[in-house]
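In: sequence unknown, structure follows:
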């Protein structure tokens with residue numbers, strides 16, 4: 001399942017702060033007289049730049065919305081299982097008024113069941129799969 005989109009963004013934004021500031025501390029300390037005399041300037045610049053860059057990357061990914069947070073979230077009902085044989089598409093009729101319903105109007109409930117709503121009478125009903133035995 002994973003985190004919701006806003007939690008990922010908050011996590012990345014909070015993670016970017018210590019990386020960026022630790023990188024800045026390394027960069028500033030690279031020019032300290034003791035670091036220069038010990039020859040540690042280059043390694044501190046390298047690691048400081050790397051940490052600051054990682055902080056900036058986390059910051060960018062924290063502000064850029066993911067595909068799931070853009071607009072309306074799409075829900076796929078594909079289970080990844082292949083049918084055992086040939087499939088025949090049958091028309092779906094409303095059990096309340098008998099009108100033919102567009103099969104693309106199927107929605108997935110929180111419980112994981114398929115539900116359809118009739119555009120004519122407004123009735124809703126669950127889609128059940130008949131057992132194969």
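Out: All right, it came through fine. Nothing here was measured: the structure is a model prediction, and the numbers come from that model.
In: strands along the chain, start to end?
Out: 92-93, 100-101, 107-108, 114-117, 124-127 (DSSP state E).
In: for the nearest residue to residue 97 once chain neighbours are set aside, give me its contacts.
Out: Leaving aside its chain neighbours, residue 97 sits nearest to residue 121 (4.2 Å; criterion: Cβ to Cβ, 6 or more residues apart in numbering). The C-beta positions use only the backbone N, C-alpha and C, and glycine is treated the same way. Residue 121 sits next to 94, 96, 97, 99 when contact means Cβ atoms under 8 Å, 6 or more residues apart in numbering.
In: with residue 29 instead?
Out: Contacts of residue 29 by Cβ under 8 Å, 6+ apart are 35, 44, 48.
In: kindly recompute the last result at 7 Å.
Out: By Cβ atoms under 7 Å, 6 or more residues apart in numbering, the residues touching residue 29 are 35, 44.
In: how much space separates it from residue 111?
Out: 57 Å (Cβ to Cβ, to the nearest Å).
In: try residue 97
Out: 25 Å.
In: can you put the strands of the chain in TSV and add distance to residue 63?
Out: Putting the strands of the chain into TSV (distance: least, Cβ to Cβ, whole Å) gives the following:
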stretch	distance to residue 63
strand 92-93	44
strand 100-101	42
strand 107-108	30
strand 114-117	36
strand 124-127	39
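In: closest to residue 19 out of those strands?
Out: Shortest distance between residue 19 and the strands of the chain, using Cβ to Cβ, is found for strand 107-108: 38.5 Å.
In: adjacent strands (with direction) for that closest one?
Out: strand 114-117 (antiparallel) (DSSP bridges).
In: how about the contacts made by the residue nearest to residue 20 when sequence neighbours are not counted?
Out: Spatially, and ignoring its direct neighbours in sequence, residue 20 is nearest to residue 55 (2.9 Å; Cβ to Cβ, 6+ apart). If you count contacts by Cβ under 7 Å, 6+ apart, residue 55 has them with 16, 19, 20, 23.
In: re earlier: so which of the strands of the chain is nearest residue 5?
Out: Of all the strands of the chain, strand 107-108 sits nearest to residue 5, with 18.7 Å by Cβ to Cβ.
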